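Undergrad: pasting the sequence and the predicted coordinates here, then a few questions.
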Amino acid sequence: MIKPTESELEILNILWTNGPSSVREVNKKINEQKEVGYTTTLKLMQIMTQKGLVERDESSRSHIYSAKIKAQDIQEQMLDKLLNTAFGGSASKLVLSALGSGKASARELEEIKALIQKLEHDGNQ
């Protein structure tokens, strides 16, 4: 199981959203939120390449990095760990805690309701 750090996750999210990117492009996106030096981003992405989180295309002058793992795979790993360590394996405690935070938008709540209805419908067949 690959465990990306918070900084690595930030870079992965940029690559998942924007697709293959140069270090400069990734660093520019990071700097929209906080000040991070180019060499710091470069070093992180080199480490991520060694860890197998990203792959580097060296065919052009500016190396292009792309995520080697899918967002869904990392999300599932992290969710399983959170579910088991913080919520004792209880999906309902996790969901109730997430919804109780008040951070779900009306659109997200509608999507959740639709998913629950689908699961109930599929379970009754």
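TA: Alright, I've got the coordinates.
Undergrad: pull the CA atoms of the worst-scoring helix or strand of the chain on mean pLDDT into CSV?
TA: Using mean pLDDT, DSSP states H and E, helix 91-100 stands out as the lowest-scoring helix or strand of the chain, at a mean of 86. Provided in CSV are the C-alpha atoms of helix 91-100 (Å, rounded to 0.1, in the frame of the first residue of the first chain):
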residue,chain,number,x,y,z
ALA,A,91,-19.4,3.2,8.0
SER,A,92,-22.4,4.8,9.6
LYS,A,93,-20.3,6.6,12.2
LEU,A,94,-18.1,7.9,9.5
VAL,A,95,-21.0,9.1,7.3
LEU,A,96,-22.9,10.7,10.2
SER,A,97,-19.7,12.5,11.3
ALA,A,98,-19.1,13.8,7.8
LEU,A,99,-22.7,14.9,7.3
GLY,A,100,-22.8,16.4,10.8
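Undergrad: how distant is stretch 29-45 from the center of its chain?
TA: Put simply, stretch 29-45 sits 17 Å off its chain's centre (CA atoms, centre = their mean, to the nearest Å).
Undergrad: show me where the protein has helices.
TA: 6-18, 23-30, 38-51, 71-86, 91-100, 106-123 (DSSP state H).
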